[in-house]
Structure formats: structure tokens, C-alpha cells
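In: Give me coordinates for this.
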Amino acid sequence: MPVELNHTIVHARDNRESAAFFADVLGLEISAEWGPFIAVELSNGVTLDFATIPAESITPQHYAFLVSEEEFDAAYARIRERGVEHYADPHRQQPGAINHNDGGRGVYFMDPAGHAMELITVPYGGWPA
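Out: Here you go, the predicted model:
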């Protein structure tokens, strides 16, 4: 069997708030609640399992998601409708904008726990020839 990522735990101040925020922005649904975890499943079967931990214990992480053009349009519309601060760059120097890196589109925004979220329509380096 090839090695595949099955799930990862995402630390949150409030697991339900963070899972709901993420699911809402990407047009997904909360897929499971198990013990201290609230999961959101991605289209490739990987789940993000949100877990509440003390805020001072959260180390901000970066999560990047490859999405279709249509998914990007829908997610970006929700980001703007909800007034979520967003940026064209990871250093947050270009607020309220998207980028066109590698011939696609991308946007950065923060989740409620302070994790940097990124949506891209083309993988870094572009599509293989």
C-alpha cells in the first residue's frame, strides 16, 4: 500500500468554532465528532481533526489547500462576504487581494486559532508538463 496522509490534528482554542469556520469557508461539512476531535473531511479522504487545547499552547501552523477554480471562486466569495481579512501574500503585505502565482490564483487568511490558511488553484511550480 502506498503511503498516504490519513488525518492531522489541528489545535484550536475552540474545536467547534475552528472546524465550523474552515468547513464554512471551503463549503465542506463537519464529518465526524469523536472524543475531543471534530473532523472535516477533504475530497481525498484526509481529515483535519480539530482539537481544543489551551490558547497559550497553540503553535501557529500553515495549511495550504489545492482547490479547483470553481472552489476558489466560491471560497473567495465567502471570505469576502464574511469580512475575513485576507492577503495575496504570506507576509500579509497585500491586504484584500489575491495572487496569480504559477498561472493560478491564491489567497491567504487566518483561522480563529491563528493558523495561516492558503488556497491555491495551481501547485507551486505549476502543473507538470
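In: quick check: domain ranges of the protein?
Out: Listed by automatic domain parsing, the domain ranges of the chain are 1-53, 60-129.
In: how far does the last one sit from the chain's center?
Out: On the basis of CA atoms, centre = their mean, to the nearest Å, the separation between the geometric centre of domain 60-129 and that of its chain is 8 Å.
In: strand partners of the helix or strand bottoming out on mean pLDDT in the chain, parallel vs antiparallel please.
Out: For the chain, counting by mean pLDDT, DSSP states H and E, strand 30-34 ranks last in confidence among helices and strands (a mean of 93). Neighbouring strands of strand 30-34 in its sheet, by DSSP bridges, are strand 37-41 (antiparallel).
In: tell me the mean pLDDT for the strand it pairs with?
Out: Mean pLDDT, computed over strand 37-41, is 98.
In: what residues does that strand touch?
Out: Residues from elsewhere that reach strand 37-41 (CB atoms under 8 Å, 6 or more residues apart in numbering): 7, 9, 15-16, 19, 22-23, 26, 28-33, 47-51. To be clear about C-beta, it is placed using only N, CA and C from the backbone, and glycine gets the same treatment.
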